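Engineer: only geometry, no sequence info:
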Ligand SMILES: [Zn+2]
């Protein structure tokens, strides 16, 4: 079974670089060489009124370096020329992408009218069931354990949201989708594997979800996922996915672009759609077989959460009737990602790395035993 990594489409996640502008011919380059020193006597044009992929200020500053023959040319020609240069210096398009995404989000937030303002700020008593709040208040391994089941190692399930909150969030998402449809707004879907669904962070829920991660998921992750950055979560990607006959039907086997994933079913009526899990793996072992204790099929219950390591291989079976909507919160740790770069050989959290290590230990013990035995009989 080959496995995909489901990546987010938001600005902070890793994606492929944007395309690089075609480079001008050699003759053009030498003819249109930038000046070595800026021309302070020249008053640059203003680029503030344009939607460009670099800051308007950058264009104004760069204009002072343009070859004198270019200065009287139309603004569009100068933009084209400067943009080609800038793109060569930002080949991964990272800054462009972040800037564009910021503008995209701003455009939605200034035009979309929320239906229920009360879900845009954290109201813990209205959102969560009392048992969940009590466990968070307790803030100990025992208090969390008291509300959790662990049907397979590293997969934790518990009741989390009140039915009323699920309803409001479902309505809000529907209202947003309606707005998208009516205004013909081109939205970005939440990740590379879902054609339906919406990024909650993009239409105003970012602050609330940030609080959800910091105050409610981090305390749990600190205790149950310390080896994968669970105690240093510092960014998130929050979205909903929609399954059904006229939505996405199923989701292939994959790992998430997260350290810790929270997945809560919001409703509505549906059958099928089980989550299947097949064990946590590092990059090197992502396509290896599962051990029997790693095989789990989980049936969604509205309001109930599943919390797992992002590298826990999983997928969703077909939702055979009705409509299923789930909230996903991908929690990330920049500290863990930085450390991981230097730790290539062995990952304590990977099921296969652990199995290999045990196997090596067993072999070495056997070898030692054999040596001892041989020595005994030899003497
Ligand atoms: Zn491994």
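Structural biologist: Thanks, I have the structure now. What you see is a predicted model; the values in this text were computed from it and never measured.
Engineer: list the helices and strands the longest strand that the chain contains packs on?
Structural biologist: Looking across the chain with DSSP state E, the single longest strand is strand 319-332. Strand 319-332 is packed against helix 163-183, strand 235-244, strand 260-267, strand 270-272, with contacts defined by 3 or more Cβ pairs under 8 Å, 6 or more residues apart in numbering; DSSP states H and E. Any C-beta I mention is one placed from the backbone N, CA and C, and that applies to glycine too.
Engineer: ok, then the element right after that strand?
Structural biologist: The helix or strand immediately downstream of strand 319-332 is helix 334-340, counting by DSSP states H and E.
Engineer: Does that following helix reach the ion?
Structural biologist: No - shown here: helix 334-340 not in contact with the ion (Cβ under 5 Å from the ion), separated by at least 12.0 Å.
Engineer: Any chance you could note which residues of the chain sit beside the ion?
Structural biologist: Counting by Cβ under 5 Å from the ion, the residues of the chain that sit close to the ion are 282, 285, 347, 350, 352-353.
Engineer: will you turn these into JSON lines that also has secondary structure, neighbour count and pLDDT?
Structural biologist: Putting these into JSON lines (DSSP: H, G, I helix; E, B strand; the rest coil; neighbours: other Cβ atoms under 10 Å; pLDDT from 0 to 100) gives the following:
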{"residue": "282", "secondary structure": "coil", "neighbour count": "20", "pLDDT": "91"}
{"residue": "285", "secondary structure": "helix", "neighbour count": "19", "pLDDT": "92"}
{"residue": "347", "secondary structure": "coil", "neighbour count": "21", "pLDDT": "84"}
{"residue": "350", "secondary structure": "coil", "neighbour count": "24", "pLDDT": "93"}
{"residue": "352", "secondary structure": "helix", "neighbour count": "21", "pLDDT": "94"}
{"residue": "353", "secondary structure": "helix", "neighbour count": "19", "pLDDT": "93"}
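Engineer: residues touching the closest residue to the ion within the stretch 1-150 of the chain, list them.
Structural biologist: Proximity of the stretch 1-150 of the chain to the ion (Cβ to the ion) peaks at residue 3, 13.4 Å away. Contacts of residue 3 were listed using Cβ atoms under 8 Å, 6 or more residues apart in numbering, and they are 253-255, 286-287, 313.
Engineer: try it again with 10 Å
Structural biologist: The neighbours of residue 3, taking Cβ atoms under 10 Å, 6 or more residues apart in numbering as the test, are 252-255, 278, 281, 286-287, 313-315.
Engineer: Run through the helices of the chain in chain order.
Structural biologist: Remark: helices assigned in the chain by DSSP state H are 26-31, 56-63, 75-89, 94-111, 124-127, 130-138, 141-145, 163-183, 206-211, 218-224, 334-340, 351-378.
Engineer: List the buried residues in stretch 73-84.
Structural biologist: Using 16 or more other Cβ atoms under 10 Å as the test for burial, stretch 73-84 gives 78-79, 81-83.
Engineer: Just send the helices and strands packed on strand 319-332 back as JSON lines, with mean pLDDT too.
Structural biologist: What follows is the helices and strands packed on strand 319-332, written out as JSON lines (pLDDT from 0 to 100):
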{"stretch": "helix 163-183", "mean pLDDT": "96"}
{"stretch": "strand 235-244", "mean pLDDT": "95"}
{"stretch": "strand 260-267", "mean pLDDT": "97"}
{"stretch": "strand 270-272", "mean pLDDT": "92"}
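Engineer: okay, these in TSV with mean neighbour count next?
Structural biologist: Formatted as TSV, the helices and strands packed on strand 319-332 follow (neighbours: other Cβ atoms under 10 Å):
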stretch	mean neighbour count
helix 163-183	16
strand 235-244	23
strand 260-267	23
strand 270-272	16
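Engineer: and of those, who's closest to residue 141?
Structural biologist: strand 260-267 (16.2 Å; Cβ to Cβ).
Engineer: Check which helices and strands that closest one sits against.
Structural biologist: The helices and strands touching strand 260-267, judged by 3 or more Cβ pairs under 10 Å, 6 or more residues apart in numbering; DSSP states H and E, are strand 155-159, helix 163-183, helix 218-224, strand 235-244, strand 304-309, strand 312-316, strand 319-332.
Engineer: Apply 6 Å and report the result again.
Structural biologist: helix 163-183, strand 304-309, strand 319-332 (3 or more Cβ pairs under 6 Å, 6 or more residues apart in numbering; DSSP states H and E).
Engineer: Note down every partner strand of that strand and its orientation.
Structural biologist: Strand 260-267 has its sheet partners listed here by DSSP bridges as strand 304-309 (antiparallel), strand 319-332 (antiparallel).
Engineer: Any chance of those in CSV with mean pLDDT and mean neighbour count as columns?
Structural biologist: As requested, those are exported to CSV (pLDDT from 0 to 100; neighbours: other Cβ atoms under 10 Å):
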stretch, mean pLDDT, mean neighbour count
strand 304-309, 98, 24
strand 319-332, 95, 22
